[in-house]
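Undergrad: from the sequence below, what's the structure:
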Amino acid sequence: MNTEEHNDIDLLIVQYLSGVLDKEAFARLKQWTFASEENRIYVKNKIEIWFSAGTVNETCMFDKDKAFQLFQKRVKKARRSNVQMWNYSSWKNWVRVAAIILILLLPFIGYWGGKESVKQTFADIVVEAPMGARTKLYLPDGTLVWLNAGSKIVYSQGFGVDDRRLKMEGEGYFEVTHNPDIPFEVKTKEINLKVLGTKFNFRNYPDDDEAIVNLMEGKVALHNEVKCMPELYLIPDEKMIMNKVTGEMRKTKAKAKRSNMWINDELFFDELPLKHIAKRLVRSYGVDIIVEDSLQDKRFYGVFKVQGNTIKDVLDAMASTNQMKYRYEHGKYILYH
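TA: Numbering: from 1, shown residues only. As a prediction, this is how the structure comes out:
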């Protein structure tokens, strides 16, 4: 493919991701994409570069030249750094981000009329932070997201154009870009959270018995998917705790900034039961831990820097309180009294 054809296809990709590609131009892009495996991979790589760079200005009039220049800079930057998008190594180092983004092109689904934009023609984007790692990324609307270990979000290629909805498992910290026209929504099995622009931490791992939202700035509305009840609203330095078995949601005052200390490589245990501490250590260090029944509800307070401290260092510090002991046996850490 010559340079002129490259530029032509790149411009179509930019217009598609900016939500301004008309129906005829989209048909041309689709036809070219599926003409060969080489073309499909080319488009997939360009979409990865676009989304990894972070923002799409969906509220302004589309400036073809400006958008295309920005796109070219992103491509050149990716080539210079020789980076594979979202592929970070070494789970042993907490600070180094590990993420998996699955962007697969699908056949044409349909054309979304009314705004002269195409509605989700490509597959959803899945971003994961494996055990022993955390992930930082920017969504297409400019929203900053941190994902804690063992967490995942899923959102559409049309994110920021038609809606700002995503699904989440695990724990995430969000700094949401303000957009009064398109609310930002986070959906989990038990709770739907909706905001316009705010900062909050949302933890809801599938194997936890509680879901917790801490609000730093702005305002959030929480819709209960387990139990029929009015929406619950939070203001800064409030948190919501849900019992996922009963569906009960309660609101309390909190020092919300402590809830996202994990993005700065810190583990904070504020009189937390050992059974919950063990889960956090499992996710942070990628190890197996078994807690003796008699210690499940034993509470600990402490702050640990993950980088520079091994799992053994953390357990040694906890054992120094004389509230527990531990041993390593058959590939697992066993906590006992």
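
Undergrad: list the contacts for residue 296?
TA: The contact partners of residue 296, taken as CB atoms under 8 Å, 6 or more residues apart in numbering, are 273-275. Bear in mind the C-beta positions are built from the backbone N, C-alpha and C, glycine included.

Undergrad: emit the ChimeraX select command for whichever of those are buried.
TA: To isolate the buried members of those in ChimeraX, using 16 or more other CB atoms under 10 Å:
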select :274,275
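
Undergrad: restricted to helices, list the contacts of residue 296.
TA: Among the contacts of residue 296, the residues falling in helices (DSSP state H) are 274-275.

Undergrad: for the contacts of residue 296, which one is nearest residue 221?
TA: residue 273 (29.4 Å; CB to CB).

Undergrad: and the gap between the closest residue in space to the closest one that isn't next to it in sequence and residue 323?
TA: Spatial nearest neighbour of residue 273, chain neighbours left out: residue 297 (4.9 Å); criterion: CB to CB, 6 or more residues apart in numbering. The gap separating residue 297 from residue 323 is 12 Å, by CB to CB, to the nearest Å.

Undergrad: just residue 127 next, same as before
TA: In this view, residue 127 and residue 323 are 38 Å apart by CB to CB.

Undergrad: pick out whichever of the two has more residues nearby.
TA: residue 127 (23 against 13; other CB atoms under 10 Å).

Undergrad: verify the contact between residue 282 and residue 288 for me.
TA: Yes - if you go by CB atoms under 8 Å, residue 282 and residue 288 touch, sitting 6.8 Å apart.

Undergrad: which one of those two is surrounded by more residues?
TA: residue 282 (19 against 12).

Undergrad: point to the helix or strand of the chain where mean pLDDT is at its lowest.
TA: When the helices and strands of the chain are compared on mean pLDDT, DSSP states H and E, strand 100-102 comes out lowest with a mean of 33.

Undergrad: pull out the buried residues from the helix or strand that that strand is followed by.
TA: Where DSSP states H and E defines the elements, the next helix or strand beyond strand 100-102 is strand 125-129. Within strand 125-129, the residues that count as buried by 16+ other CB under 10 Å are 125-129.

Undergrad: run the chain-centre distance for strand 125-129.
TA: Once both centres are worked out by CA atoms, centre = their mean, to the nearest Å, strand 125-129 turns out to sit 7 Å from its chain's centre.

Undergrad: also stretch 302-309?
TA: Put simply, stretch 302-309 sits 23 Å off its chain's centre (CA atoms, centre = their mean).

Undergrad: show the end-to-end separation of it, please.
TA: 14 Å (CA to CA, to the nearest Å).

Undergrad: adjust the sequence numbering to begin at 29 for everything that follows.
TA: Right, with 29 as the first residue, what we last looked at is stretch 330-337.

Undergrad: contacts for it next, please.
TA: Identification of contacts with stretch 330-337 by CB under 8 Å, 6+ apart yields 121-123, 289, 293-297, 312-313, 341-342, 345-346.

Undergrad: of the residues you listed, which belong to strands?
TA: 294-297 (DSSP state E).

Undergrad: point me to the helix or strand that includes the nearest residue to residue 61 once chain neighbours are set aside.
TA: In space, and not counting its chain neighbours, residue 61 is closest to residue 71: 4.8 Å by CB to CB, 6+ apart. Element membership of residue 71 [criterion: DSSP H and E] is helix 65-81.

Undergrad: and that helix, average pLDDT?
TA: Averaged across helix 65-81, pLDDT comes to 70.

Undergrad: which residues touch residue 187?
TA: Per CB under 8 Å, 6+ apart, neighbours of residue 187: 153, 167-169, 193-194.
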